[in-house]
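Enquirer: Fold the following.
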Amino acid sequence: MSFGRRQGSLVRSFVAVPLPEPVRVGSAALAVGLAGAPGGEGVRWVRSDGYHVTLRFLGNVASERLPELGERLTDAVAEVAPFSLSLGAPFLFPKGRRAKVIALGLTPKGPLAELAACVEQVASACGFEPETRAFHAHLTLGRIRNRRVPELEGVPAPATPWTVSEAVLYRSDLASDGARYAALTRCPLGSEMPAAAVSLSP
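Expert: As a prediction, this is how the structure comes out:
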């Protein structure tokens with residue numbers, strides 16, 4: 001299937017871990033509670049259908065590069081074993097006055113960092129500039145618009161662990177009410193299954 005509407009078009013892309021529905025629902029419920037608390041109006045809350053854990057942001061990628069990138073990602077993450085992951089309590093990221101988002105942490109950090117490093121190796125092999133920032137795993141719930149934010153102290157984490165079984169190459173389409181994401185290639189962990197690609201065409 002085609003990865004672009006026309007040869008040479010640019011596709012805003014990233015690689016991420018998707019959330020299963022129970023985890024998405026639990027995270028959304030937590031976000032709704034925070035949105036209704038004092039200070040919640042100072043945050044632009046992410047739509048729950050856009051929840052994901054970013055492994056590597058790629059930026060605008062020429063459409064003709066995406067099939068090879070998807071194939072290489074599939075081959076690489078097939079060497080990574082599936083692992084269990086749990087969401088942590090909400091926190092401000094980065095810390096202090098420079099905070100830009102309200103996020104949920106993830107545990108354990110090791111397997112997710114290993115998967116992100118695997119994706120980074122593929123990106124570098126495909127000619128992308130190396131990522132200079134350290135990897136900080138988090139799930140973004142909302143983006144801070146002013147310094148007034150909800151109180152996060154004592155807010156419990158969603159109690160729904162899940163097994164991470166794939167990484168996904170996504171397309172991101174910007175819109176006035178937030179970005180829309182579409183899976184381009186699903187890359188199973190610990191498997192030799194072929195990539196499942198979808199068309200960029202509407």
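Enquirer: which strands and helices sit next to the longest helix along the chain?
Expert: As assigned by DSSP state H, the longest helix anywhere in the chain is helix 109-125. Using 3 or more CB pairs under 8 Å, 6 or more residues apart in numbering; DSSP states H and E, the elements in contact with helix 109-125 are strand 10-18, strand 52-62, helix 66-77, strand 83-93, strand 162-164. Quick note: C-beta positions are derived from backbone N, CA and C, even for glycine.
Enquirer: from memory V77 sits against A117, does it?
Expert: No: counting by CB atoms under 8 Å, A117 is not a contact partner of V77; they are 11.0 Å apart.
Enquirer: Those two: which has the busier surroundings?
Expert: Shown here are V77 and A117; by other CB atoms under 10 Å, V77 has more neighbours (21 against 13).
Enquirer: Name all residues that make contact with that one.
Expert: V77 makes contacts with 115, 118-119, 166-167, 187-189, as judged by CB atoms under 8 Å, 6 or more residues apart in numbering.
Enquirer: With pLDDT and neighbour count as added columns, please give those in JSON lines.
Expert: JSON lines is the format used below for those (pLDDT from 0 to 100; neighbours: other CB atoms under 10 Å):
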{"residue": "L115", "pLDDT": "97", "neighbour count": "26"}
{"residue": "C118", "pLDDT": "97", "neighbour count": "21"}
{"residue": "V119", "pLDDT": "97", "neighbour count": "27"}
{"residue": "E166", "pLDDT": "97", "neighbour count": "19"}
{"residue": "A167", "pLDDT": "97", "neighbour count": "28"}
{"residue": "C187", "pLDDT": "97", "neighbour count": "25"}
{"residue": "P188", "pLDDT": "96", "neighbour count": "18"}
{"residue": "L189", "pLDDT": "97", "neighbour count": "20"}
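Enquirer: residues contacting D173?
Expert: D173 touches 12, 179-182, counting by CB under 8 Å, 6+ apart.
Enquirer: How many residues are close by R12?
Expert: With other CB under 10 Å as criterion, R12 counts 16.
Enquirer: sorry, back to before: please find the angle between the direction vectors of the longest helix of the chain and strand 83-93.
Expert: 90 degrees (axes from the mean of the first three to the mean of the last three CA atoms, to 10 degrees).
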